[in-house]
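# Below are the sequence and a predicted model for it; my questions follow.
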Amino acid sequence: MESFLHFLNQNAGALTVIFTAIVTLSTVVYALLTGFLVHETRKMRHVQTEPRVAIIYRTRDEWIALVDIVVKNVGLGPAYEVKFDISSLSGGAAADSLIDELKERNFLRMGLRYLSPG
């Protein structure tokens, strides 16, 4: 035991430098990890306040020829100045006439100024 204490007294300066280096390295690692966590937190906060607009259509049970167009903001943030661009992938003249009828609807032509979350 006495020889161990003598070793510590003889090498106190070197041990202090080693432990200081270990503490410095640990501090740098913790600072880097904190920086990564701050970056992730900012990304998550941005995602949580971002709007996400979904548009679906569904037929009605009571009138199968009528279709409801449902526009919903499924994101957690409000959507501002939502505009609609209607086009057909297929269907020819029938699809074009349906699109012309849909474009006559005010909210599809003008868009929505505000769409709340949910």
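Looks like it arrived, so ask away. Numbering: from 1, shown residues only.
# By residue count, what's the longest helix in the chain?
When the chain is parsed with DSSP state H, its longest helix is helix 12-48.
# That one: what's the following helix or strand?
Downstream of helix 12-48, the first helix or strand assigned by DSSP states H and E is strand 53-59.
# Now do that following strand: distance to the chain's middle.
Centroid separation between strand 53-59 and its chain, computed with Cα atoms, centre = their mean, to the nearest Å, is 22 Å.
# strands paired with it, and their directions?
When pairing is defined by DSSP bridges, strand 53-59 lines up against strand 67-73 (antiparallel).
# Count the residues that sit near residue 107.
Residues near residue 107, counting by other Cβ atoms under 10 Å, number 11. Any C-beta I mention is one placed from the backbone N, CA and C, and that applies to glycine too.
# domain parsing for the protein?
Residue ranges for the domains of the chain, per automatic domain parsing: 2-48, 53-115.
# Compare these and say which comes out lowest on pLDDT.
Lowest mean pLDDT of these: domain 53-115, a mean of 84.
# That domain spans what distance, first to last residue?
9 Å (Cα to Cα, to the nearest Å).
# go on, stretch 101-114?
24 Å.
# Identify all contacting residues around that stretch.
Stretch 101-114 is contacted from outside by 71, 78, 79, 80, 81, 82, 83, 84, 86, using Cβ atoms under 8 Å, 6 or more residues apart in numbering.
# Report the buried residues of it.
For stretch 101-114, a neighbour-count test (16 or more other Cβ atoms under 10 Å) marks 108, 112 as buried.
# Fine by me, thanks again.
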